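A.B. asks: Got a predicted model here, sequence first, then my questions.
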Amino acid sequence: MHCATDIVGNDIVVTGASSVQLCMNQCATSRMPCYGVTFDTSSGACALKTENTTIDDSVYDPDRHSALARASELSNDNIACGYDDGSIQKTKNGLDFRIECKQDSVGNFVIPANAPSWPLHASSFLECMDACSRTHSYCAGVAWDPGMDSGYSNCYPKSPAFVNAPRTNTNSTHIATAQPRDLNNTCQDSSTYVASNKKQFIISCNQDRVATYIAIYHDTSLENCAQTCATWSSGNCTAAVFDPKMTGGYENCYLKSGDGVPNRNSDFRVAILLDELAEEENGIIENGTDQGDGTNAASHGVSAGVIAGPVVGAVALIAMLIALLVWWRKRQPKKTNLPMQDAGYAMDEKAAPNGYSHMPSMRTEENAPVEASAADTALVEVPAMSSRNQANARNPTGSNGVHEM
């Protein structure tokens, strides 16, 4: 570090950074060899410097700080592959790589989600392959440049497209292609797996579980992954998530704990501890079964209690609205009867006593029953009995059986 110092000239490129530390990090991961930086605290400008940069080119500037890399760290005379061409080498976590010496492949880089910076520096070919095997997302291979012709970060992870990408001959770069094994991809939804210690797990296909990570490692089946969860001693493991296609990375068994929620994922399988399911409200997981509309209820993490709350509330609201409507209608003033003809009634000469009824004109027998339409909302004049005596004759109980409308 050279504080309050501006190194003039010899710039590779000028970028932006929020601190001198991040400016140095850009130098370390540059695709061109970078030997120093000058950072402007007032503007955030970060100037990356060439190998010709020395402190002799500096001037005092209170707003700028400079830093020079050790040139010895950017040189390596041993650019050999270190392995036989075509040989298979195994990483620490068990992933095999096939070696291609003096080969390179342009592009198809992958930026891991779990790496602080990428590409990274590897002092050996095996160190570069080890880094690839621990990468999330999946790393299908690496290109390693021991001579650091393209900068200090000399280990480049590759995406699956790299496997079939063209190769070019080179003296200083070597390639390693991952050779993963075929894994058990079978899954039976809602089935039960019983571990060696009698712990039971419910299997859910096409599902992940968002919860706290305990450990991540490589395994060959969901059952093996669940077995490790059942006997895990360094934490309370309640779910084992297995990625048979290794889309997330070679380390494809995720041990998790806590009250996680389901998340639909077509590539993953999950084994959930039965005790954990029992503690969740009304079966929040629903064993990952399909609900008939192409969706997985478990993927949404909605419990029966959560569903019941809004339903009961909606029913109560509807009942309240009906009660208010009934109350309002009772409070309305009664309508004043219009003259029958003005109200749209039809003349019926045989209808007594006033000869009007709200129905199509029709001939009726005297005192015959008249049926009013349920759709009618106006008043209906029903033909009356010709006399009270006649009514009493029809209803021996007396006048109580006679009604006037």
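C.D. replies: Nice, I can see it. Residues are numbered from 1 along each chain as shown.
A.B. asks: Out of the helices and strands in the chain, which is least certain?
C.D. replies: Across the helices and strands of the chain, mean pLDDT, DSSP states H and E gives its lowest value to helix 297-300, namely a mean of 30.
A.B. asks: Tell me how far A143 lies from P262.
C.D. replies: 39 Å (Cβ to Cβ, to the nearest Å). Heads up, the C-betas are built off the backbone N, CA and C, glycines and all.
A.B. asks: what's in contact with stretch 124-135?
C.D. replies: 81-83, 89, 91-95, 97, 99, 110, 112, 114-115, 120, 122, 139, 141-142, 144, 146, 154-155, 157, 174, 176, 178, 249-251 (Cβ atoms under 8 Å, 6 or more residues apart in numbering).
A.B. asks: doesn't A240 make contact with A211?
C.D. replies: No - between A211 and A240 there is no contact under Cβ atoms under 8 Å: 10.8 Å.
A.B. asks: These two: which has the busier surroundings?
C.D. replies: A240 (31 against 23; other Cβ atoms under 10 Å).
A.B. asks: List the strands paired with the helix or strand that contains the more buried one, with their directions.
C.D. replies: Using DSSP states H and E, A240 maps to strand 239-242. The strands beside strand 239-242 in its sheet (DSSP bridges) come out as strand 253-273 (antiparallel).
A.B. asks: filter the contacts of stretch 124-135 to the buried ones?
C.D. replies: 81, 83, 89, 91, 95, 97, 99, 110, 112, 120, 122, 139, 141-142, 144, 146, 154-155, 157, 174, 176, 178, 249-251 (16 or more other Cβ atoms under 10 Å).
A.B. asks: so what secondary structure elements neighbour whichever strand or helix holds L48?
C.D. replies: Secondary structure assignment for L48, by DSSP H and E: strand 45-49. Helices and strands touching strand 45-49, by 3 or more Cβ pairs under 8 Å, 6 or more residues apart in numbering; DSSP states H and E, are strand 11-16, helix 20-28, strand 36-40.
A.B. asks: Quick check: buried residues in the first one?
C.D. replies: The neighbour-count criterion (16+ other Cβ under 10 Å) identifies 12, 15 as the buried residues of strand 11-16.
A.B. asks: tell me what that strand is packed against?
C.D. replies: Looks like strand 11-16 contacts strand 45-49 (3+ Cβ pairs under 8 Å, 6+ apart).
A.B. asks: List the buried residues for the strand it packs on?
C.D. replies: 46-49.
A.B. asks: Repeat that for stretch 122-135.
C.D. replies: 122, 125-126, 128-135.
A.B. asks: any idea of the mean pLDDT in that stretch?
C.D. replies: Taken as a whole, stretch 122-135 has a mean pLDDT of 95.
A.B. asks: same check, this time on stretch 267-279
C.D. replies: Stretch 267-279 comes out at a mean pLDDT of 81.
A.B. asks: Check stretch 86-95 too.
C.D. replies: The average pLDDT within stretch 86-95 is 96.
A.B. asks: And for that stretch, what's in contact with it?
C.D. replies: Everything outside stretch 86-95 that qualifies as a contact, by Cβ under 8 Å, 6+ apart, is 83, 96-100, 125-126, 129-130, 132-134, 176, 178-180, 217-218, 250-251.
A.B. asks: what's the distance between the most centrally placed residue in the chain and E251?
C.D. replies: By Cα atoms, centre = their mean, the chain has its centre lying nearest to N263, at 6.2 Å. Distance of N263 to E251, given as Cβ to Cβ: 19 Å.
A.B. asks: same question, N164
C.D. replies: N164 is 24 Å from E251, by Cβ to Cβ.
A.B. asks: Would you mind checking which of the buried residues of strand 45-49 is nearest to A319?
C.D. replies: When the buried residues of strand 45-49 are compared for distance to A319 (Cβ to Cβ), C46 comes out closest, at 67.0 Å.
A.B. asks: follow-up on the earlier one: go through the contacts of stretch 124-135 and flag which are in strands.
C.D. replies: Mapping the contacts of stretch 124-135 onto strands (DSSP state E) picks out 89, 97, 99, 141-142, 144, 155, 157, 174, 176, 178.
A.B. asks: Out of these, the closest to I318 would be?
C.D. replies: P157 (58.8 Å).
A.B. asks: Can you get me a residue count around the nearest residue to S150 once chain neighbours are set aside?
C.D. replies: Leaving out its chain neighbours, the residue that sits closest to S150 by Cβ to Cβ, 6 or more residues apart in numbering is R31, at 5.6 Å. R31 has 11 neighbours, counted by other Cβ under 10 Å.
A.B. asks: swap in T5?
C.D. replies: 17.
A.B. asks: before we move on, the earlier item: who touches the strand holding A240?
C.D. replies: 201, 208-209, 211, 219, 221-222, 225-226, 228-229, 252-257, 260, 268-273, 276.
A.B. asks: just how off-centre is the helix or strand harbouring C128 within its chain?
C.D. replies: Here C128 sits within helix 125-133, counting by DSSP H and E. Put simply, helix 125-133 sits 30 Å off its chain's centre (Cα atoms, centre = their mean, to the nearest Å).
A.B. asks: now stretch 217-224
C.D. replies: 23 Å.
A.B. asks: 715 is where my numbering starts, stick with that
C.D. replies: Yes, from this point I'll number from 715; that puts the last item at stretch 931-938.
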